[in-house]
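Colleague: could you work out the structure for the sequence below:
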Amino acid sequence: MLRKIGGGSADASAHRIALHDREHIVLATSGEIFYFIAEGDDVYARLRGRRLSVRRSLRELEQSMEPRRFFRANRSTLVNLDLVREIHPWFGGRFVVRFAQLEPSEQIEVSRRQAKLLSEMLN
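Modeller: Presented below is the predicted three-dimensional model:
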């Protein structure tokens, strides 16, 4: 469930999303989420130190999250560009992105098609 909390403020930090961790719900700001990833029929949000379930499709998340902040890196991943530290060229015209507060080995591949869009956004 996505909703604005905080008196209708347009501030992006007020955008909250309900994430599920077994028996309880965690309300996280969009700025806390490194990326969303779809695995089969399930979607997860990657936060620092944890991965929580999201009860929405990746397409629904892409449509509801801030478009200047969240970028569709490939078919299964929506990345928070505000938390990306490095973008590296990769094989076949693709990129990989790494995050400031995650291990360097935790990287997301940007598809060739999306790499072109990302390049245009950054230039």
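Colleague: which elements pack onto the helix ranked longest in the chain?
Modeller: Longest helix in the chain by number of residues (criterion: DSSP state H): helix 112-122. Secondary-structure packing of helix 112-122 (3 or more Cβ pairs under 8 Å, 6 or more residues apart in numbering; DSSP states H and E): strand 70-74. The C-beta positions use only the backbone N, C-alpha and C, and glycine is treated the same way.
Colleague: for the residue positioned nearest the centre of the chain, give me phi and psi.
Modeller: For the chain, Tyr35 is the residue whose C-alpha lies nearest the centre (Cα atoms, centre = their mean; 2.6 Å). Main-chain torsions, Tyr35, degrees, to the nearest 10: phi -160, psi 160.
Colleague: state the next helix or strand along the chain beyond the helix or strand of the chain with the lowest mean pLDDT.
Modeller: Using mean pLDDT, DSSP states H and E, strand 2-4 stands out as the lowest-scoring helix or strand of the chain, at a mean of 31. On the C-terminal side of strand 2-4, the closest following helix or strand by DSSP states H and E is strand 15-21.
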